[in-house]
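# give me coordinates for this.
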Amino acid sequence: MARIYLSPSNQYANTYSYGNTTEMEQCNKIAIAAETALKRCGFTVKRAPKGQSMSTSINESNNFKADVHVCIHTNAGGGKGTDVFVYNNSDANLKYAKPVYDELVKLTGKGRGIKTYPELAEINQTNAKCVYCECEFHDNSERAKWIINNTTKLGEAIAKGLCKAFGVTYKTASSKKVLDSQGYKKGQTSDGVLAIKELLLLAKTLKIHNQGMDENGGFGDGTEKAVNGLLKKWGYDQNGIAGDNFIKKLTAEIRKKI
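Model prediction:
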């Protein structure tokens with residue numbers, strides 16, 4: 001499988017107009033999301049650590065023998081949307097740049113074009129084909145907030161584009177299957193429901209969850225919210241069912257706290 005080097009911005013002084021953060025912080029999050037998605041799809045990936053110098057990243061990419069070197073930045077200077085820079089407009093460069101650009105534009109809603117920028121060191125000093133992404137503008141407070149809320153989607157968009165470039169099927173992150181398909185759920189009243197509610201009340205006291213509970217003896221809205229909150233926390237689908245596996249997992253968490 002192809003080798004991808006991810007080089008997130010190390011520009012710690014480029015502050016966002018929203019969120020008390022920087023280009024370096026947010027681009028590192030985008031790179032982590034891209035790395036996760038690319039590895040899930042079978043690529044061999046190396047990501048520059050946060051804050052690493054550009055010269056070190058260039059050498060590391062060349063030693064890694066990357067097929068594509070992806071720079072991940074956010075933009076400034078007034079504007080909205082996505083730019084992608086390449087060494088030149090040859091088919092060999094556009095093969096990788098265009099699919100990445102297209103996926104980012106689908107997400108940001110505005111494309112500013114694929115532009116040649118051979119003067120940039122990471123474009124002209126890397127052996128790999130370089131795709132230099134300026135994902136969106138961070139000196140626009142509305143767009144800065146959007147970037148902060150969409151770092152995972154931006155990383156996944158980059159990965160989707162590279163999958164298209166290499167003819168690889170993109171694999172989405174799948175949620176865990178439901179913990180229980182049978183068990184107690186909203187509307188039921190029984191000794192079993194009472195036992196589950198006692199466990200949930202103890203779990204709330206131990207700060208394992210923070211949902212309110214129904215005051216009556218039944219499985220009502222409060223109990224369902226508590227069950228679904230825990231299922232979400234554990235990474236499962238929120239089906240509102242508290243069965244044997246749910247009880248075992250909750251009991252194990254309670255024991256850790258006591």
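
# can you count the residues close to residue 1?
Using other Cβ atoms under 10 Å, residue 1 is surrounded by 13 other residues. In short, each C-beta sits where N, CA and C put it, glycine included.

# with adjacent residues omitted, what lies nearest to it?
Excluding the flanking residues, the one nearest residue 1 by Cβ to Cβ, 6 or more residues apart in numbering is residue 42, at 4.8 Å.

# next, the residue nearest to residue 194 when sequence neighbours are not counted: secondary structure please.
Leaving aside its chain neighbours, residue 194 sits nearest to residue 217 (5.9 Å; criterion: Cβ to Cβ, 6+ apart). At residue 217 the chain is in coil, as set by DSSP: H, G, I helix; E, B strand; the rest coil.

# let me know the pLDDT of residue 217.
pLDDT recorded at residue 217 is 81.

# same deal with the one 5 residues further on?
At residue 222, the model reports a pLDDT of 93.

# isn't there a helix covering it?
Yes: the assignment for residue 222 is a helix, going by three-state DSSP.

# could you pull out the strands in this protein for me?
Per DSSP state E, the chain carries strands over the ranges 3-8, 44-47, 68-75, 82-86, 111-116, 129-137.

# who wins for proximity to residue 54 among the ones you listed?
Closest to residue 54 of these is strand 3-8 (Cβ to Cβ; 7.8 Å).

# my guess is residue 35 meets residue 6, correct?
Yes: counting by Cβ atoms under 8 Å, residue 35 does reach residue 6; the two are 5.8 Å apart.

# quick one: which of those two has more around it?
Each of residue 35 and residue 6 has its neighbours counted (other Cβ under 10 Å); residue 6 has more, 27 against 20.

# that one against residue 47, yeah?
Yes: assessed by Cβ under 8 Å, residue 6 is found in contact with residue 47 at 4.3 Å.

# which ones are touching the residue nearest the centre of the chain?
Geometric centre of the chain, nearest residue: residue 152, 2.4 Å, by Cα atoms, centre = their mean. If you count contacts by Cβ atoms under 8 Å, 6 or more residues apart in numbering, residue 152 has them with 29, 33.

# same deal with residue 13?
By Cβ under 8 Å, 6+ apart, the contact list for residue 13 reads residue 22.

# against residue 56, how distant is it?
Using Cβ to Cβ, to the nearest Å, residue 13 is found at 18 Å from residue 56.

# wait, isn't the residue nearest to residue 1 in contact with residue 166?
No: Residue 42 lies out of contact with residue 166 (Cβ under 8 Å); the separation is 9.5 Å.

# re earlier: can you list the strands of the chain in TSV and add distance to residue 173 and mean pLDDT?
Below are these laid out as TSV (distance: least, Cβ to Cβ, whole Å; pLDDT from 0 to 100):
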stretch	distance to residue 173	mean pLDDT
strand 3-8	18	98
strand 44-47	15	98
strand 68-75	19	98
strand 82-86	23	98
strand 111-116	26	98
strand 129-137	20	98
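
# which one of these lies nearest to residue 172?
Across those, residue 172 has its closest neighbour in strand 44-47 (17.3 Å, Cβ to Cβ).

# any chance you could list what contacts the closest one?
1-6, 8, 31-32, 34-35, 38-39, 60-61, 64, 66.

# try 6 Å this time
With Cβ atoms under 6 Å, 6 or more residues apart in numbering as the test, strand 44-47 has contacts from 1, 3-6, 31, 35, 38-39, 64.

# check stretch 102-115 too.
Applying Cβ under 6 Å, 6+ apart, the contact partners of stretch 102-115 are 80-85, 97, 101, 136, 153, 157, 160-161.

# buried stuff in it?
For stretch 102-115, burial by neighbour count (16 or more other Cβ atoms under 10 Å) applies to 102-105, 107-108, 112, 114.

# tell me the domain ranges of the protein?
Per automatic domain parsing, the structural domains of the chain span 3-166, 191-257.

# picking up where we left off before, residue 42 and residue 166: who's more crowded?
Using other Cβ under 10 Å, the more surrounded residue of residue 42 and residue 166 is residue 166, with 18 against 14.
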